[in-house]
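Trainee: Fold the following, please.
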Amino acid sequence: MKKTVLSAVVSAALVTLAAAPAFAQTGGPSGDGPQARHHAQRQYEGQRASRLPSERIEARLAYLKTALKITDAQQAQWDAFAATLRKHASDADQRVQKLRAEGTARREKGTRPTAIERMERGQVRLAAASTRLNETLAVAKPLYAAFSPEQQKVADELLTSRRHGGARHGGGRPRA
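Mentor: Presented below is the predicted three-dimensional model:
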């Protein structure tokens, strides 16, 4: 319940921040009103979707560090955890750019991947995800062990995948 409320508050704040420039350009309430805010929200979401993982990771790490209230004694474990997530984000950038280039080339040729090619890509993707999860676990376990019980409760909410809980549609990615 708390996670849902927190997500709603964060989403509302982000939408408000994204809508503010559009609202200011319309000259206030006499502008297009809900349509202008809706347009600003869609524009923000489009920009967010096109950003690379490395462009989002620092904000995510800052949020986690604040929410978890990382202490000086936990800083070494936190640094290892953060470095791993940054590495994964950098690797994801390369994957995204490669997939975008392949998609552009395929569209230009007018071809689609075969069923076998899609299955092979899925196999590679799952193997890479397993490797990333193992690397994340290797640095998350010592960090989690250093947490107080209160921090562990927060970590249980923020550092796990919501993929199988039904909270995320369309095969979302793990949160941490």
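Trainee: Now do the same for the lengthiest helix in the chain: mean pLDDT, whole number.
Mentor: For the chain, the helix reaching the highest residue count under DSSP state H is reported as helix 75-109. For helix 75-109, mean pLDDT rounds to 90.
Trainee: just stretch 135-154 next, same as before
Mentor: 96.
Trainee: Identify the residues contacting it?
Mentor: By CB atoms under 8 Å, 6 or more residues apart in numbering, the residues outside stretch 135-154 that reach it are 67-69, 73-74, 77-78, 80-81, 83-85, 87-88, 155, 159, 176. Where C-beta positions appear, they are placed from N, C-alpha and C, glycine not excepted.
Trainee: Just the buried subset of those residues, written out for PyMOL, thanks.
Mentor: Selection of buried members from the contacts of stretch 135-154 for PyMOL, criterion 16 or more other CB atoms under 10 Å:
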select buried, resi 68+74+77+78+81+84+85+88+155+159+176
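Trainee: buried stuff in the longest helix of the chain?
Mentor: Buried, per 16+ other CB under 10 Å, within helix 75-109: 77-78, 81-82, 84-85, 88-89, 92-93.
Trainee: can the residues you listed go into TSV with extra columns for distance to Lys109?
Mentor: Shown next, in TSV, are the buried residues of helix 75-109 (distance: CB to CB, whole Å):
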residue	distance to Lys109
Gln77	48
Trp78	46
Phe81	42
Ala82	41
Thr84	37
Leu85	36
His88	31
Ala89	30
Ala92	26
Asp93	25
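Trainee: With respect to Gly122, which of those is nearest?
Mentor: Ala92 (16.5 Å; CB to CB).
Trainee: what sits against that closest one?
Mentor: Counting by CB under 8 Å, 6+ apart, Ala92 has contacts 52-54.
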